[in-house]
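Novice: Dropping a prediction and its sequence here:
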Amino acid sequence: MSLTHDPFNSLRLFEDAVTRMLSEPRTSRPWSPAVDIVETENELVVKADLPDVQLEDIDVRVENGTLSLKGERKFEKDSADKGYHRIERSYGSFVRSFTVPSSVDTEKVSADYKNGVLTVTLPKKEAAKPKQVKVAVKQ
C-alpha cells in the first residue's frame, strides 16, 4: 500500500471555489452607482451611472434636507440558455443619499434619465445666487 500526496489538491479546491463564486450572479450583494456632483452659479447637478436600470425601477426623493436615489438593477434569470463565462457586474437594490444644502430650492428639483445616466438638478434659491453690485466712485 502506497500513499501519494497531491501537493496541488488544495490549490485546485481553491480554484474551484473561486470559479463557482465568479460564475454565480451577484444578486444579493449590494452595489452603489458612481455619482458626480457639480456646482454651478445657479444649481447643483448630480449625475449617477445606472446602466441597465429601468426607469420604473428608479426612485428620486428630496425629504428632510436629504436627496435619496434608490433603485434596482435586475438580473435576467430567464436567460438559462446563455452560457455565461463570467459575471462581474453587481445586481440588486441600491440606495445613495446626499445632504442637500439650505441654499437649494427643494420645490424646483428636477430629474432626467437618458442613456443610463440619471441627472438630478437642484436649483439654488435666489438669495443664494451670487449678485454683482456696481460700486460708484465719487471724485
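Specialist: Nice, I can see it.
Novice: if I pick the residue nearest the centre of the chain, what's in contact with it?
Specialist: Ranked by distance to the mean C-alpha position of the chain (CA atoms, centre = their mean), the top residue is Pro33 at 1.6 Å. Counting by CB atoms under 8 Å, 6 or more residues apart in numbering, Pro33 touches 48-50, 69, 94, 96. All C-beta spots, glycine's among them, are computed from the backbone N, C-alpha and C.
Novice: Strands along the chain, start to end?
Specialist: 35-39, 43-49, 58-63, 66-73, 92-99, 110-114, 117-123 (DSSP state E).
Novice: Tell me which residues touch the residue nearest to Val60 when sequence neighbours are not counted, please.
Specialist: Spatial nearest neighbour of Val60, chain neighbours left out: Ala111 (4.8 Å); criterion: CB to CB, 6 or more residues apart in numbering. Listed by CB under 8 Å, 6+ apart, the contact set of Ala111 reads 60, 118-121.
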